[in-house]
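Peer 1: Predicted model and sequence follow; I will ask about them next.
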Amino acid sequence: MSEPRSVDPATEERIREALLDSDPARGDEGLSSREVERLRQTMLEEAGRSGSPTLRALLAAAAGILLVLGGAWIFWFRDAPERAGAVTVEAPPAPTGTLVLEDLDERPAADGVVIPADGEEIPKPAVAGPRPSTRMAERGGPSDSALETTGISKVPREMEAEAATDDRGALDPGDEQVSTAEAVVAREIRFETEGGTRLIWIFEEDPSVESDKGVTS
Amino acid sequence: MQDALTMEGGAITGTAETQQERLGRLFDRNHQRLYRLALRMTSDPEEARDLVQEAFLRAAGKPDRVPDDVEGGGRWLVRVVVNLCRDRYRRRGVRRSFRERHAEEAPEPTVIDPDAEGRNVARTAIRQALVSLSPRRRVVIVLHELEGRSTPEIAEILGIAPATVRWHLVMARRDLAEILYPESQEEASS
């Protein structure tokens, strides 16, 4: 910062005199008592509004508590139906066919039941009339309750329809075979495993045929 | 709330002074002095009242920032007034060079006339010339020439270095001389 060029002393003195002569405060009576009172009151009211630091801290703490309580209130109302006795039903876990298949493979075949081994092709029983699969398809496949008891997922309708179509070559209505077997398939259960599609037929006696009880395999 | 501890008979007794009492005391001690300063800075009584009110409202809004002692509180208020003047000065868009302001707004150079009418004209010209200075230079020359404060005192009040005060003082005189006594400045420069 360089030293500024100052005015000469005579000019400096003239400026001082001029400023003193034109001093706005000279002759001014200043603030009236009424103005002073109003200003004072305004300032103190403002101070009362803004409050002390302690009061401000208390207000901030109260606001925080209210915020927390508001959040808790919202959560409480969200769970209110359950507290009132409403039951939330959850979907059962997706059934798997693998466990059921293992059990069936090791179980000795009972009368009227054929359990195929892995990879074994099961000869279909000769039956009179429409093939079981066709009948099953007409009935809409195994019932949901039967599937639920075995834990096997229901076979898609497309697969059933496809199987019925494959068998149809030997099932022409005019080409019915008369079976020597007594049993007819009462129920067919088809399910998918890692090794492929598995079928279980449940037989029952055909009351119209008198013959020995037996198992068709 | 502020606690003032006093020794009485060897025991310390605490007397509590509320924030409002402290602000009231600050107001009573400083309002007339602050109004005079604001009036000298603005040459407008209404604007001076506004400045005083605004300064005390700021003190009321942030009382923690106001120094507790009387002198410190007074200095704090002066700085607030100067800062308020500076804000208004900026808002009015008069941050142009002094010579530009002089060419467009400053009154014609006036030779102070001894007769009454001439004196009134001269006073108006001087006040306008003073208002045309930047707030910092204005308050320095007002405090020095009209309130009779020394350079160290002004430095303490404004919170700046004494050398800065001297700089503003010299520059303010030079600016005023260029407005009020241009002929003397031309002679000095030649």
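Peer 2: Received, thanks. Numbering: from 1, shown residues only, chains lettered A, B, ... in the order given.

Peer 1: Tell me which residue is most central in chain B.
Peer 2: B:V139 (3.8 Å; Cα atoms, centre = their mean).

Peer 1: which intervals of chain B have sub-threshold pLDDT?
Peer 2: Applying pLDDT under 70 to chain B flags the ranges B:1-17, B:93-118, B:185-190.

Peer 1: Run through the strands of it in chain order.
Peer 2: With DSSP state E as the criterion, chain B has strands at B:2-8, B:11-17.

Peer 1: phi, psi of B:D44?
Peer 2: Backbone geometry at B:D44, expressed as degrees, to the nearest 10, gives phi -140, psi 110.

Peer 1: what does A:E192 give?
Peer 2: Dihedral pair for A:E192: phi -100, psi 130, per degrees, to the nearest 10.

Peer 1: Let's see the pLDDT reported for it.
Peer 2: At A:E192, the predicted lDDT confidence score is 76.

Peer 1: Kindly report the same for the one 3 residues further on.
Peer 2: According to the model's per-residue confidence, A:G195 sits at a pLDDT of 75.

Peer 1: hang on, A:I189 in a strand?
Peer 2: Yes. Assigned with DSSP: H, G, I helix; E, B strand; the rest coil, A:I189 falls within a strand.

Peer 1: Report the beta-bridge partners for it.
Peer 2: A:I200 (DSSP bridges).

Peer 1: A:T197 is in contact with that one, correct?
Peer 2: No. Applying Cβ atoms under 8 Å, one finds A:I189 not in contact with A:T197, separated by 11.2 Å. (Each C-beta comes from the backbone N, C-alpha and C, glycine too.)

Peer 1: Can you get me the start-to-end distance on stretch B:140-147?
Peer 2: 10 Å (Cα to Cα, to the nearest Å).

Peer 1: ok, and what's touching that stretch?
Peer 2: Residues from elsewhere that reach stretch B:140-147 (Cβ atoms under 8 Å, 6 or more residues apart in numbering or on different chains): A:15-16, A:19-20, A:23, A:25, B:37, B:40-41, B:130, B:133, B:149-151, B:153-154, B:157-158, B:165, B:168-169, B:172-173, B:176.

Peer 1: From those residues, which land in helices?
Peer 2: Judged by DSSP state H, helices contain the following of the contacts of stretch B:140-147: A:15-16, A:19-20, B:37, B:40-41, B:130, B:151, B:153-154, B:157-158, B:165, B:168-169, B:172-173, B:176.
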